[in-house]
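1. would you be able to build a 3D model of this:
(chains A and B)
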Amino acid sequence: MPAAGVVMIIAVLAIVVALVYYLVSTIVALRQIADGLDEAIAGVGEIVEKSRPVNDVVNAINGQLDAGVDLLEGLLVKKAGLSDAMGLIESVYPGAAAAGLRNFPESTSVEAPRIGEVYTRGTLTLARLGREAPIAGASPAHEVLRNVEGGSLAARLLYPNLRQTSPENLPNSPVIGTDAPVQYEQRDDIGAPRRRLPTRRP
Amino acid sequence: MTLWWIGDVVLLLVILPVVAYLLRGVLEAARSIVPSVRQIATVAAAGSKDLDAAALLLTTRDQVERTVAGVANYGGSLDGIVDDAEEKG
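-> Numbering: from 1, shown residues only, chains lettered A, B, ... in the order given. Take a look at the predicted model:
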């Protein structure tokens, strides 16, 4: 065999050895990749399985919270009026009035009274709950928050009609005690044994 | 004979280096994927573990339902107790 043939064989063998080495190494790396992907797929499968009900549950929660927001917004505006409601919101959460109420788009254009500069949060809450509270008549710069005179009508209606006629004299309250003009005798039979036992029905 | 030697030179100086270069590139690419895949597997396992609390959302939903129902009851009572706002003329 000529020397050129021997060199040729050696060259081919070298190529084959290089092919074997690199291909086997590549196969090993690919097997490691496959194993890693198996682990990843298992983890992703668990994620998919665990997160499957999340969408429905979160949607249900959001629906419930939306209903709660609608209820509270509607109640606040109904009871306090849109302007005062925005003032109350601004006083409790400064800056929140600019965002407005979700169900009242016109609330963003309402000029909220500066309630928070005058009253504490607890007083504000009472003021909003009790429309008759006369505390809101001292807003320093804006309009009066409460019509005290008109707002007391509801409170006055709680009393008997006689008081609403504003009479000069009202009947005195009854006097009780040992010096009371009307004394009631103490009954002896209270707490004593019964004089007659109840008869049994046949 | 000259062609034999030319073929040998081409094999040793051209084909063998090119084959080795290409295979080395494939091997390095495959090896570079392995740590990434392991990181993905680790992150997926951690993500799955983080979602263990997702089942508690059912409890949260029930609590929210009960809370909103309570708020609705309070709101209804307040609606009956407190006067509505007076409309400004």
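2. the residue nearest to residue A:103 when sequence neighbours are not counted - how many residues pack around it?
-> In space, and not counting its chain neighbours, residue A:103 is closest to residue A:73: 5.3 Å by CB to CB, 6 or more residues apart in numbering or on different chains. Just so you know, the C-beta spots here come from the backbone N, C-alpha and C atoms, and that holds for glycine as well. By the criterion of other CB atoms under 10 Å in any protein chain shown, residue A:73 has 17 neighbours.
3. what's the helix or strand for residue A:73?
-> Under the criterion of DSSP states H and E, residue A:73 resides in helix A:54-80.
4. quick one: residues contacting the residue of chain B at minimum distance from chain A.
-> Closest residue of chain B to chain A, CB to the nearest CB: residue B:44 (2.7 Å). Counting by CB atoms under 8 Å, 6 or more residues apart in numbering or on different chains, residue B:44 touches A:39, A:40, A:41, A:42, A:43, A:44, A:46, A:47.
5. in the helix holding residue A:73, which residues are buried?
-> The neighbour-count check on helix A:54-80 (16 or more other CB atoms under 10 Å in any protein chain shown) flags A:57, A:60-61, A:64, A:67-68, A:71-73, A:75-80 as buried.
6. closest to residue A:3 among the residues you listed?
-> residue A:57 (80.6 Å; CB to CB).
7. for that closest one, which residues are in contact?
-> B:57, B:58, B:60, B:61.
8. near chain A, list only the ones from the residues you listed.
-> B:57, B:58, B:60, B:61 (CB under 8 Å from any CB of the partner chain).
9. mind checking the SS state of the third one?
-> Think residue B:60. Put simply, residue B:60 is helix when judged by DSSP: H, G, I helix; E, B strand; the rest coil.
10. separation between it and residue A:106?
-> 34 Å (CB to CB, to the nearest Å).
11. quick one, helices of the chain?
-> Looking at chain A here, since you left the chain open. Using DSSP state H, the helices found in chain A span residues A:3-51, A:54-80, A:82-92, A:121-129, A:148-151, A:153-156, A:161-164.
12. right idea, wrong chain: chain B
-> Secondary structure of chain B (DSSP H): helices located at B:2-10, B:16-50, B:56-81.
13. counting by contacts, list what the first one packs against.
-> This means helix B:2-10. Applying 3 or more CB pairs under 8 Å, 6 or more residues apart in numbering or on different chains; DSSP states H and E, one finds that helix B:2-10 contacts helix A:3-51.
14. on that earlier part again, would you list the buried entries among the ones next to chain A among the contacts of residue A:57?
-> For these, buried by 16+ other CB under 10 Å: B:57, B:61.
15. quick check: closest non-adjacent residue to the residue nearest the centre of chain B.
-> Geometric centre of chain B, nearest residue: residue B:44, 7.2 Å, by CA atoms, centre = their mean. Leaving aside its chain neighbours, residue B:44 sits nearest to residue A:43 (2.7 Å; criterion: CB to CB, 6+ apart).
16. quick one: neighbours of the one you found, just the number.
-> So residue A:43, with other CB under 10 Å, has 20 neighbours.
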